[in-house]
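Participant: the following block contains a protein sequence and its predicted model.
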Amino acid sequence: MDRNNYLFFLAKKKYIQTVVNIPFKNNSKDKNIPFDVVTDNTKLYNEDGLKRLKGEQGDKGLPGDKGIQGDKGIQGDKGDKGIQGDKGDKGIQGDKGDKGDKGDKGIQGDKGDKGIQGDKGDKGIQGDKGDKGDKGDKGESGVQGIEGIIGPTGPNGLDGDRFACKTQYATNIKPTPNSIIGLSVETGLAYISGNSVIVAEVATTLDGALNTFEGTVQYYNKASGQLIIKDIVNIHGDFDKDELTYYHINLDGVDGAPGEQGPIGPTGPAGQLGPTGPINFSETVVSLNLIDNTLIIPKQTFPNSYYYMKFNNGDELRNIQSNLKNNETAHIVIEFCDLSSCETSSATISTMFDEKTICNFKKNITLNQDDAIVILKIYNINNLNLIECVSFYKNNYIRL
């Protein structure tokens, strides 16, 4: 008998049983068997389509002879779907899975109710100073206040420069064009050389004519009040009278520009020839000598006289003895003649200052092969000798 496997379906359960010695009836119904028999080793499936269940292994039989391999059988029909089995027990919880990817942003929910106001925060740090704002419009003028009380008088200011003055003594002056005069005025004034001044007679009547003239300050001594005025111009009035009078002196206004020249008038008849006038310049040059370092100027016949002196090596002029009268001038040419004996020979003209002598040079003048000739010009103004020195240097006059 062949050993076949049969599948029995009883009460929704699957059974696999080994049946021995059951005759094969070609799947026909047998009244003695209350169920169907399936033979021919057909592949069996349960109702859920599961794989055929493996039966229990039988006893190991004796090895038979190796049979001839049969032909491959035809695949049987798919079995009916088996009945679903009971629910199995709950399995053991598996390990925690990895974190999933971030989901898409959800739809925004409705706005919540207003929360309770929180406590007042701490005071913040002061911010940086802002930029300066634009200047505002000018406001309207306020009502003028009540006049304040007059304050105390302030201290006296410093004295300003003074120029207006008067001669210290009554004098008699006779100015001529381009001449030089000297006056004794107040001390401590602000005159400097080059100031333009006007000199006017102090009026003695309300309607009388005034004698006036203009000039330029040559020298002023603040300590003694001695004032020297040169370049006399614009002389008005009668200065020939012998009366002594006082004079006012002050700064002169700046002269305006010259006006246009008027038309030339007709030539008048020739006048009678006048008498020969006095000679103001000497026609000869007088030689002078240096005696004990002193230059002696003799009495002059003319208001302007010319003199000549020779200096030798080692000579030094220290003093001048003048016999000039008021408004007289002496021109003295001094030549250094001792150059042939020694190229380093020299002579000296020293500065001289006393109560009757003023020099316009503040350092000694040296005569040598470069400066061999000088001219001394001495004015006498009110018995004051004013000395100017001009050097003849390499064919050019240089004022010292």
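Facilitator: Sure thing, it's come through.
Participant: distance of the residue nearest to the spatial centre of the chain from Lys114?
Facilitator: By Cα atoms, centre = their mean, the chain has its centre lying nearest to Lys132, at 23.0 Å. Lys132 sits at a distance of 42 Å from Lys114 (criterion: Cβ to Cβ, to the nearest Å). The C-beta positions use only the backbone N, C-alpha and C, and glycine is treated the same way.
Participant: go on, Lys72?
Facilitator: 84 Å.
Participant: Ile332 now?
Facilitator: Relative to Lys114, and taking Cβ to Cβ, Ile332 is found at 119 Å.
Participant: who has more neighbours, those two?
Facilitator: Ile332 (23 against 6; other Cβ atoms under 10 Å).
Participant: neighbours of Thr187, just the number please.
Facilitator: 14.
Participant: please apply the same query to Asn250.
Facilitator: Using other Cβ under 10 Å, Asn250 is surrounded by 14 other residues.
Participant: what sits against it?
Facilitator: Asn250 sits next to Phe163, Ala164, Cys165, Val197, Ile198 when contact means Cβ atoms under 8 Å, 6 or more residues apart in numbering.
Participant: so where does Val333 fall, helix or strand?
Facilitator: Per DSSP states H and E, Val333 falls inside strand 328-336.
Participant: tell me the mean pLDDT for that strand?
Facilitator: Strand 328-336 comes out with an average pLDDT of 89.
Participant: pull the residues that contact it.
Facilitator: Contacts for strand 328-336 (Cβ under 8 Å, 6+ apart): 285, 288, 295, 297, 300, 303-312, 317, 322, 324, 345-347, 349, 367-368, 371-380.
Participant: show me the shaky parts of the stretch 51-200 of the chain.
Facilitator: By pLDDT under 70, the weakly predicted segments of the stretch 51-200 of the chain are 51-56, 58.
Participant: so which residues of it form strands?
Facilitator: 165-166, 181-184, 196-201 (DSSP state E, counting those that start in this stretch).
Participant: and the longest one, which residues are buried?
Facilitator: Which is strand 196-201. The neighbour-count check on strand 196-201 (16 or more other Cβ atoms under 10 Å) flags Val197, Val199, Ala200, Glu201 as buried.
Participant: then stretch 69-84?
Facilitator: By 16+ other Cβ under 10 Å, the buried positions in stretch 69-84 come out as Gly79, Gly82.
Participant: ends of that stretch, what's the gap?
Facilitator: 39 Å (Cα to Cα, to the nearest Å).
Participant: and if you look at stretch 131-138?
Facilitator: End-to-end span of stretch 131-138 (Cα to Cα): 21 Å.
Participant: again, but for stretch 131-151
Facilitator: Start-to-end, stretch 131-151 (Cα to Cα) is 42 Å.
Participant: just send the buried residues of strand 196-201 back as CSV, with distance to Pro266 too.
Facilitator: Formatted as CSV, these follow (distance: Cβ to Cβ, whole Å):
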residue, distance to Pro266
Val197, 38
Val199, 37
Ala200, 36
Glu201, 37
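Participant: wait, which of those is closest to Cys337?
Facilitator: Val197 (43.0 Å; Cβ to Cβ).
Participant: correct me if wrong: the closest one contacts Ile229.
Facilitator: Yes: in this structure Val197 lies within contact range of Ile229 using Cβ atoms under 8 Å: 6.4 Å.
Participant: neighbours of Asn313, how many?
Facilitator: Counted by other Cβ under 10 Å, the residues lying close to Asn313 total 16.
Participant: coming back round to it: now for Val197 and Ile229: what residues contact both?
Facilitator: Contacts common to Val197 and Ile229, judged by Cβ under 8 Å, 6+ apart, are Gly215, Thr216, Val217.
Participant: excluding chain neighbours, give the residue nearest to the first one in space.
Facilitator: Meaning Gly215. Spatially, and ignoring its direct neighbours in sequence, Gly215 is nearest to Ile229 (4.0 Å; Cβ to Cβ, 6 or more residues apart in numbering).
Participant: same check on Leu367?
Facilitator: Nearest one to Leu367, counting by Cβ to Cβ, 6+ apart, is Phe336 at 3.8 Å.
Participant: for Thr351, same thing?
Facilitator: Nearest residue to Thr351, sequence neighbours excluded (Cβ to Cβ, 6+ apart): Cys359, at 5.1 Å.
Participant: thanks a lot, see you next time.
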